[in-house]
Each structure stands twice: as C-alpha cells, then as structure tokens.
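Participant: sequence and predicted model, in that order:
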Amino acid sequence: MSNVPASISSADPASAVRAGAGASAEQWADWRWHMRHRVTTLAQLSRWVRVTPDEAKAVNDSRGKYRWSVTPYYASLMDPDDPTCPIRQQAVPALGEFLDFADADVDPVGDMFYRKTNRVVHKYPDRVIMMITESCPVYCRHCTRKFHTTDVNGTYFRDNEGGSFEEDLRYIADHPEIRDVLLTGGDPLSYRDTKLEEIISQLRSIPTVEIIRIGSRFPVLLPQRITDELCEMLSRYHPIWLNTHFNHPREITDESAAAVDRLLRHGIPVGNQTVLLKGINDSIPTMRKLMTELLRIRVRPYYLYHCDNVTGVSHFMTTIEKGWEIMEGLQGHITGFGVPQYVLTTKIGKIPIAKPAYTETGDGLRLRNYKGQEMTYPQRSQS
C-alpha cells in the first residue's frame, strides 16, 4: 500500500498525487486522460485506498450487477485509511447496496411513467427532461436513477441510447407549453463537445424553448471537463443554466472552484442540488460548512433532496426528522439564499417538506425563530 498517492510526502501535494497516478501535469489537466484511466478494478482501487474486506466483497458482488468507476481526480480526494470517508462512500461499492428494503423501487420518481419518447420525460406542465445518456464519470452509489445508470441490466430508455433524436425534438417542438428543457442522464457532459452542441443547437432552434439546463456532476467528479472550449460553446446558446451535486465540503477544491468560475465567467449560472446522505452529510456542522463553502465559490444552494428509497440506495436514507433538524440548523445561521429547499421527490413531483416555523392558534400564528424564541402574530382583517 506504499503507493497510495495521498500518503506520499512532498512539498507539492498535487505533484505527489499526479506521480502516484502516473500522470504528468498536462495529463492530469486533461479530462479525457481521467476518463481513460478510471478506477474499475480492485487492483486499481488499491493504489488509492487500503481496501477493506467489506469493500472488496462489495466490488466482487457488483460484477454482473452494478457498474462502478472512479476518476483519478475523485479518487485523489478519498481518505486512504478511512472507509467512512464521505468521498469513498459515494464512489466505492458497499454491501448495503445488496440489502432489501421495504418499498424500495427502481424508479421512485416515475421517470418511466412520464416518459413520452425514448428520452423525453414530461412530468411538469412547462418543462421536460431529456435523458440523453446512461454514462457517468463516476457511478455515484446513491444515484436516484441507479437502475438507468449503474445497473448493468437496467435502463429507462425505450430504445437504444445511440438512436436518432428526431422523435424527442419533434415532441418538444409539438408542445409549445414546454419552455424549459433539462439535459440529464447519466451525465450529459460525458458526450464530446460537438455532440453536445448538435443537441443544444437543435433545442435552441425551437422557438418555444426559452431555457436549456444541464444537470452534471462533472464540476465535482472531474472538474477538468469544464474547459474554456466547452464554456465558450455553451455560451453561444444562452440562456444556459447548470445544476450540479456537491454533497460534502471536501468536494470543494481549487479545481472545482476553478471549473465553477469558468462557467460563471461565460454567463452560465451554477446551482447545487445536495442529496441528504446518512453517514456522509447528515449533520448540521457538515451541512452548514457545505452551504457556506458553496456560496464562497458562487454556487447557489438550490435543493436539499431527501434520499429516495431507490433499490440499491436505501441504506443512505435518513429520517425526515433528521432532515428537519438539519434545515433548522441552517435557517438563521447562514444567509437566506444559502439555505436550500428541502424536498422529497415522488411520482407526483417534488414536494417541499420543510417543517413549518409556525402553528395556528386562536390568537393568530405562533411563530418560532431559529433560536427557538416564540411570539404570537395576530391575524386581523385590515379592511
């Protein structure tokens, strides 16, 4: 285990990590190099962490069931000695993925139910998602679409991923109420720039499409993907928005901050959708630090998702009460726009589930602030 990069002593830690990965500075800066050298075997994983017996068993049990891969960049963030490391838990298979949980579902949010074409899911009146791929740089162990992205035998696609987009684009053009299209997957930025531009340019040619959004974890899992060339291409099709998933403060690095900065300098707002995950970010101090660090790099906290009861993911679920506790630990302690909306995603849509800060009484509303102080606000007619 002496070749674990994080354990290499050097005056230049970044250089030590690159050396441990067998990469030059130029290669480390190239996202394609990372994609070609993703960790996909126990032997490769052992170069980065001291693999536990449980991790080894989970990796072996994943064969023929669940995909897994870790970019060298994201692997470099893992603690080599701690299997409870929040980065490691998100990327390395765990035995909890093979446990049975009551009411677990491969599609708890109804993507397949609301799918109208091979790729278009139309759940809300004015917006749709286009699932354009199954591929990801890292197959997050907590993925809501685990059946689509990570299950070797699963997919939400009706037809092959590589087929024509003609039907999908025609559906959007034929429904003028659709003004907002979210590209998702998998991770859309897994596609090369030219393929992405082909899709985006065709969407932009539909007069009723006002907003194009991209859902991607590349800023977190492989920020080198956010190149000037990519940003310049995207900037030709404004308004473009990007939402990502920072789930822990350790994911906010100089590289990820630089990736966000490139997007922002090209006029692309960046929002964040954190997933509440047991043993990873289910504490008030961790969540406060995550939200304040996001604001520091100019990423707007958007949603805090309650972890869905997804087959192979349920072991990450907390209680709703834990989510309420964390939300109350954020409200009032950080600036208002740094507090995300706590939501539960269901087959009938995203449901806000923040605990009310008031109760109705005969005298009016009994209000409670973040310190637990209370007052009565009388409700009187102003006529």
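Facilitator: Ah, there it is.

Participant: now residue 281, what's its secondary structure?
Facilitator: For residue 281, the secondary-structure state derived from DSSP: H, G, I helix; E, B strand; the rest coil is coil.

Participant: ok, it to residue 304 distance?
Facilitator: Residue 281 is 9 Å from residue 304, where distance means C-beta to C-beta, to the nearest Å. Every C-beta, even on glycine, is put in place using the N, C-alpha and C of the backbone.

Participant: any residues in contact with both of these two?
Facilitator: Taking C-beta atoms under 8 Å, 6 or more residues apart in numbering as the contact rule, residue 281 and residue 304 both touch 274, 287.

Participant: so for those two, which sits in the more crowded spot?
Facilitator: Per other C-beta atoms under 10 Å, whichever of residue 281 and residue 304 has more neighbours is residue 304, with 25 against 22.

Participant: quick one: contacts for that one?
Facilitator: Listed by C-beta under 8 Å, 6+ apart, the contact set of residue 304 reads 274-276, 287, 323, 326-327, 340-343.

Participant: what about stretch 351-359, start to end distance?
Facilitator: From its first residue to its last, stretch 351-359 covers 20 Å (C-alpha to C-alpha, to the nearest Å).

Participant: in a helix, residue 209, correct?
Facilitator: No: going by three-state DSSP, the assignment for residue 209 is coil, not a helix.

Participant: just checking, it touches residue 171?
Facilitator: No: between residue 209 and residue 171 there is no contact, the gap being 11.9 Å when judged by C-beta atoms under 8 Å.

Participant: what pairs with the helix or strand encompassing residue 212, parallel or antiparallel?
Facilitator: Assigned by DSSP states H and E, residue 212 falls within strand 211-215. Strands that pair with strand 211-215, judged by DSSP bridges, come out as strand 180-184 (parallel), strand 240-244 (parallel).

Participant: which residues does the spatially most central residue of the chain contact?
Facilitator: Geometric centre of the chain, nearest residue: residue 245, 3.1 Å, by C-alpha atoms, centre = their mean. Each residue near residue 245 by C-beta under 8 Å, 6+ apart is listed here: 140, 217, 220, 272-275.

Participant: do residue 14 as well
Facilitator: residue 28.

Participant: does the residue nearest to residue 375 when sequence neighbours are not counted count as helix, strand or coil?
Facilitator: For residue 375, ignoring the flanking residues on the chain, the nearest one in space by C-beta to C-beta, 6 or more residues apart in numbering is residue 367 at 5.4 Å. Of the three states, residue 367 takes strand under three-state DSSP.

Participant: give me the nearest residue to residue 83, chain neighbours excluded.
Facilitator: Nearest residue to residue 83, sequence neighbours excluded (C-beta to C-beta, 6+ apart): residue 52, at 4.9 Å.

Participant: count of neighbours near that neighbour?
Facilitator: Other residues lying near residue 52 total 13 when counted by other C-beta under 10 Å.

Participant: so that it lines up with my notes, have the first residue be 807 from now on.
Facilitator: With 807 as the first residue, the last one maps to residue 858.

Participant: for residue 848, see how far away it is.
Facilitator: For residue 858 relative to residue 848 (C-beta to C-beta), the value is 11 Å.

Participant: what's the answer for residue 1013, then?
Facilitator: Distance from residue 1013 to residue 848, by C-beta to C-beta: 52 Å.

Participant: of those two, which one has the most company?
Facilitator: Remark: of residue 1013 and residue 848, residue 848 carries more neighbours, 12 against 8, as counted by other C-beta under 10 Å.

Participant: residues in contact with the residue lying closest to the more buried one once chain neighbours are set aside?
Facilitator: Closest residue in space to residue 848, ignoring its immediate chain neighbours: residue 865 at 5.4 Å, by C-beta to C-beta, 6+ apart. Shown in contact with residue 865 (C-beta under 8 Å, 6+ apart): 848, 851, 857, 874, 898-899.

Participant: with just CA atoms, put stretch 1103-1112 into PDB.
Facilitator: C-alpha atoms of stretch 1103-1112 as PDB (Å, rounded to 0.1, in the frame of the first residue of the first chain):
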ATOM      1  CA  ILE A1103     -17.300  29.800  -4.800                       C
ATOM      2  CA  ARG A1104     -20.600  31.500  -6.000                       C
ATOM      3  CA  VAL A1105     -22.700  28.400  -6.300                       C
ATOM      4  CA  ARG A1106     -26.300  28.900  -5.300                       C
ATOM      5  CA  PRO A1107     -27.800  26.200  -3.000                       C
ATOM      6  CA  TYR A1108     -31.000  25.100  -4.700                       C
ATOM      7  CA  TYR A1109     -32.400  21.800  -3.300                       C
ATOM      8  CA  LEU A1110     -31.600  19.500  -0.400                       C
ATOM      9  CA  TYR A1111     -33.100  16.200  -1.600                       C
ATOM     10  CA  HIS A1112     -34.300  13.700   0.800                       C
END
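
Participant: okay, buried residues for it please.
Facilitator: Under the neighbour-count criterion of 16 or more other C-beta atoms under 10 Å, stretch 1103-1112 has 1103, 1105, 1107-1112 buried.

Participant: could those residues go into a markdown table alongside distance to residue 1031?
Facilitator: Shown next, in a markdown table, are those (distance: C-beta to C-beta, whole Å):
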| residue | distance to residue 1031 |
| --- | --- |
| 1103 | 17 |
| 1105 | 16 |
| 1107 | 22 |
| 1108 | 21 |
| 1109 | 23 |
| 1110 | 25 |
| 1111 | 23 |
| 1112 | 28 |
